[in-house]
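Visitor: Mind folding the following:
(chains A, B and C)
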Amino acid sequence: MVQTRSATTQNTVLVAVFAAVIAALGIVPPITVGVTPVPITLQTLGVMLAGALLGAWRGMLSALIVVVLALAGLPILAGGRGGFGVFLGPTGGYLLGWIFGAFVVGLLVQRWAIRQDNVVVRHLCVGAAAIIGGIGVVYAFGIPWTSVSTGLSLGTSFTGSLVFVPGDLLKAVVATLIAVRVHSGYSRLLDA
Amino acid sequence: MPPRTIDTRTISLDHVTVNRAGNDVLRDITLQLNERRIAIIGLNGSGKSTLVRLLNALVLPTTGEVRVGDLVTARDAKQIRRQVGFVFQNPDNQIVMPIVGDDIAFGLKNLGLRGAQLSDRVDEILARLGVAHLRDRESHTLSGGEKQMIALASVLVMNPSTIVFDEPTTMLDLRNRRRLQQQIDRLDQRAVLVTHDLDMIADYERTIVVDDGAVAFDGAPADALDFYQELCG
Amino acid sequence: MTGTPGLVPAAGAGSPSGPLAAIPAGYKFGFLFVAGIGVYLLSDLVAQIVVFAVAVLAVLLTRVPVISLLRMTTGLLIIVGVVFVTTGLKTSWAAATTACLRLLTLCLFAYAISLTTRFSEMLALFEAALRPTRRLGLNPEQMSLALAMTVRFIPEIRNRYLEIREAQFARGLQNSPVAVIVPLIVRTLEAAQEISAAIDARCYDSEPPTDRRAVR
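Guide: Just a heads-up that it's a prediction; the model follows:
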């Protein structure tokens, strides 16, 4: 079907609704998954998904919008937080990291991971993308920020951040399962 | 209130075929739409929704041509959308601004209006539909009926000469259905209504039955309903 | 403002008051920027305590109830406690005091500014800040629309999530985020199609016109 709907409008809408998904996942009740005793919030899952489903640029813009709205004071960060205080606080770097993390997840998924023909390999590659971008890149911003903002050494900040790794790995697995499933239904999502 | 002189132009479809992924959704449709009240009925998947999306260039014909007056949808989409407004089935997807008043203003801003002129038009349309009190509400807090009324207001405020309604009552209860019907009946504009709600269209001038991508019947509502009932078996 | 989102802090409940609310957002952020550098330049403990006291005063001037303030900053206070003990044991208690005073001062100023600035005012400031991104090929008008649409659809998507989760609970899938989020994403993608159609139908021009001719 020929449509005159502009691709630009569609991209703007996709960026916006995925930003809304990231935000919504931060304010719904946390869930308990499998073996972890501690309920985890799903917000970083949203960040991974935005990159994995929309690709680098649009995924990054979705994350950027969430960060901007949170800074502007909308209570959309996990636990209903928001405002500039969160940004300048010890965990502000992770917020900044989301923007670049979503970009890297998107880049790896669209250029490499989702193109794998073997379904097992595809899952593994998307998982690797989610871990590299959604954990590696995000922590690469988060840890030094904590160190600067608190005066703690980089090593101590790093050790402290390890508490969140199991939960985030679990989210990377969940993001992988979701992304591969959705892409097989919407194979043209990354075309634009 | 601005003068409501509605200059309704003929909408014509000339041998229009719409093909989607190798299948013909609509086949060789030729129609002239002149009447003020036109109903379009048909089974789910018959192609009626695609048919009305041709009218404001949301869908373009694969072959053939759709014209509004002397404008052609394939070429003049932007001007045509000023002429032909569109109310969608689910108002949740049509309301895009967080605050009701801003949503009504959205279309007007796209037409280039600003300042007092803009807010006057917003106030006027909300008052005309009896929903002035909703102006500062957050969109997501509205009830289903209120949402559909705001979706209508957001189209009406742009002063189109034709308004297409794509199954606008599907999400509404009986009372809100009646309310919306009253508002549609009251319009000076031409209305093209896609519906499964057959009692809404009893006094329409023309009813088109779409079946399997083609016009199966075109005529007075009473005859159309007989035909449709037979079609449904 | 509470954690449960009546999301747009517009008229009523969370509307900012107090003397700081009257100061334009741009000045407040300018101050925050200077303060951000300033607290790291101050090495004198007395000066640090004075500035911290000013920050506390600024937060109290927001007229937000102290209980809400405490609830908002619980997470921060816990981290500050941990930092104090860790730094104190590892380095010195003086260094620990300085680090914590800096962090608290800056965060309190930030809270004071957030709490006294209207969401719409804040958004306008960010939009102004995004304007230079035009050179990077981004379109600031599109960003503004996207920001507004996100605010519009957060409660919608949150409700949809809760609905789907409830349905999956009934089918015994309560611990499967995949079973909830896949349908959520699919429905969201379908809605996105309709939303873009609805925006185009209302004459949205993604290419901003060079001359905006008013219509009648």
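Visitor: Next, the contact list for the residue nearest to B:Arg137 when sequence neighbours are not counted, please.
Guide: Closest residue to B:Arg137 apart from its sequence neighbours, by CB to CB, 6 or more residues apart in numbering or on different chains: B:Val100 at 5.0 Å. Glycine gets a C-beta too; all of them are placed from N, C-alpha and C. Taking CB atoms under 8 Å, 6 or more residues apart in numbering or on different chains, we find B:Val100 in contact with B:Leu134, B:Arg135, B:Asp136, B:Arg137, B:Glu138, B:Ser139, B:Leu142, B:Ile150.
Visitor: Within the helices and strands, which one has the nearest residue to C:Val85 once chain neighbours are set aside?
Guide: For C:Val85, ignoring the flanking residues on the chain, the nearest one in space by CB to CB, 6+ apart is C:Ala96 at 7.7 Å. Using DSSP states H and E, C:Ala96 falls within helix C:93-115.
Visitor: what bits of chain B have low per-residue confidence?
Guide: Applying pLDDT under 70 to chain B flags residues B:1-7.
Visitor: List the residues that contact the residue nearest to C:Val85.
Guide: Counted by CB under 8 Å, 6+ apart, C:Ala96 has contacts C:Val83, C:Phe84, C:Val85, C:Thr86, C:Thr87, C:Gly88.
Visitor: relative to helix C:93-115, how tilted is the helix or strand encompassing the third one?
Guide: If I follow you right, that is C:Val85. If you go by DSSP H and E, C:Val85 is part of helix C:66-90. Calculated by axes from the mean of the first three to the mean of the last three CA atoms, to 10 degrees, helix C:66-90 forms an angle of 150 degrees with helix C:93-115.
Visitor: Remind me what helix C:66-90 packs against, helices and strands.
Guide: helix A:84-88, helix A:138-150, helix A:154-161, helix C:93-115 (3 or more CB pairs under 8 Å, 6 or more residues apart in numbering or on different chains; DSSP states H and E).
Visitor: Now do the buried residues in that helix.
Guide: By 16 or more other CB atoms under 10 Å in any protein chain shown, the buried positions in helix C:66-90 come out as C:Leu69, C:Met72, C:Thr73, C:Leu76, C:Ile79, C:Val80, C:Val83, C:Phe84, C:Thr86, C:Thr87, C:Gly88.
Visitor: Check stretch B:16-36 too.
Guide: In stretch B:16-36, counting by 16+ other CB under 10 Å, buried: B:Val16, B:Val18, B:Asn19, B:Val25, B:Leu26, B:Ile29, B:Leu31, B:Leu33, B:Arg36.
Visitor: for stretch C:139-159, same thing?
Guide: So, applying 16+ other CB under 10 Å, buried residues of stretch C:139-159: C:139-158.
Visitor: mean confidence for it?
Guide: Stretch C:139-159 shows a mean pLDDT of 90.
Visitor: now that stretch, how far from the centre of its chain.
Guide: Relative to the mean C-alpha coordinate of its chain, stretch C:139-159 is positioned 14 Å out (CA atoms, centre = their mean, to the nearest Å).
Visitor: pLDDT value on the residue nearest to C:Val85, please?
Guide: 89.
Visitor: Relative to C:Gly75, how far out is it?
Guide: 19 Å (CB to CB, to the nearest Å).
Visitor: again, but for C:Leu57
Guide: C:Leu57 is 22 Å from C:Gly75, by CB to CB.
Visitor: Go ahead and report the secondary structure state at the residue nearest in space to the middle of chain B.
Guide: Nearest to the mean C-alpha position of chain B, counting by CA atoms, centre = their mean, stands B:Val164 at 1.5 Å. Judged by DSSP: H, G, I helix; E, B strand; the rest coil, the three-state class of B:Val164 is strand.
Visitor: do the same with A:Gly127
Guide: Secondary structure assignment for A:Gly127 (three-state DSSP): helix.
Visitor: so who does it touch?
Guide: Contacts of A:Gly127 (CB under 8 Å, 6+ apart): A:Ala172, A:Val173, A:Thr176.
Visitor: Surely the second one is in a helix?
Guide: Meaning A:Val173. Yes: using three-state DSSP, the secondary structure at A:Val173 is a helix.
Visitor: Check the spatially closest residue to it that is not a sequence neighbour and give its pLDDT.
Guide: Among residues not flanking A:Val173 along the chain, A:Gly127 sits closest, at 6.5 Å (CB to CB, 6+ apart). Model confidence at A:Gly127, given as pLDDT, is 97.
Visitor: Tell me how far A:Gly127 lies from A:Val137.
Guide: Taking CB to CB, one finds A:Gly127 at 15 Å from A:Val137.
Visitor: Same check on B:Phe165?
Guide: With CB to CB as the criterion, B:Phe165 and A:Val137 are 48 Å apart.
Visitor: quick one, which of these two is more surrounded?
Guide: B:Phe165 (26 against 21; other CB atoms under 10 Å in any protein chain shown).
Visitor: B:Leu134 contacts B:Ser143, correct?
Guide: No: judged on CB atoms under 8 Å, B:Leu134 makes no contact with B:Ser143 at a distance of 10.1 Å.
Visitor: higher neighbour count, these two?
Guide: B:Leu134 (21 against 11).
Visitor: Dihedrals phi and psi, that one?
Guide: Dihedral angles of B:Leu134 (phi, psi; degrees, to the nearest 10) stand at phi -90, psi 0.
Visitor: For it, give its distance to B:Arg179.
Guide: From B:Leu134 to B:Arg179 the distance is 14 Å (CB to CB).
Visitor: Equivalent analysis for B:Ala77, please.
Guide: B:Ala77 sits 32 Å away from B:Arg179, taking CB to CB as the criterion.
Visitor: Repeat that for C:Arg63.
Guide: C:Arg63 is 43 Å from B:Arg179, by CB to CB.
Visitor: neighbour count winner among the two?
Guide: B:Arg179 (18 against 13).
Visitor: Please, which helix or strand holds that one?
Guide: Assigned by DSSP H and E, B:Arg179 falls in helix B:174-186.
Visitor: Also C:Leu32?
Guide: Applying DSSP H and E, one finds C:Leu32 within helix C:25-41.
Visitor: which other helices and strands contact that helix?
Guide: helix A:84-88, helix C:45-60, helix C:93-115, helix C:119-130.
Visitor: next SSE after the last one?
Guide: Toward the C-terminus, helix C:119-130 is succeeded by helix C:140-170 as the next helix or strand (DSSP H and E).
Visitor: is any part of that next one close to chain A?
Guide: Yes: judged by CB under 8 Å from any CB of the partner chain, helix C:140-170 comes into contact with chain A through C:142-143, C:145-147, C:149-158, C:161-162, C:165.
Visitor: just for chain A, where's the confidence low?
Guide: Those would be A:1-5, A:32-39, A:79-80, A:192, if you go by pLDDT under 70 across chain A.
Visitor: secondary structure element for the most centrally placed residue in chain A?
Guide: The centroid of chain A falls nearest to A:Val47 when counting by CA atoms, centre = their mean (1.7 Å). Applying DSSP H and E as the criterion places A:Val47 in helix A:43-54.
Visitor: now the helix or strand following that helix against helix C:119-130, angle please.
Guide: Sequence order places helix A:56-71 as the next helix or strand after helix A:43-54, per DSSP H and E. Per the same axes, to 10 degrees, the angle that helix A:56-71 makes with helix C:119-130 is 140 degrees.
Visitor: Helix A:56-71 to helix C:140-170, inter-axis angle?
Guide: 90 degrees.
Visitor: So which elements touch helix A:56-71?
Guide: helix A:7-27, helix A:43-54, helix A:84-88, helix A:92-111, helix C:119-130, helix C:140-170.
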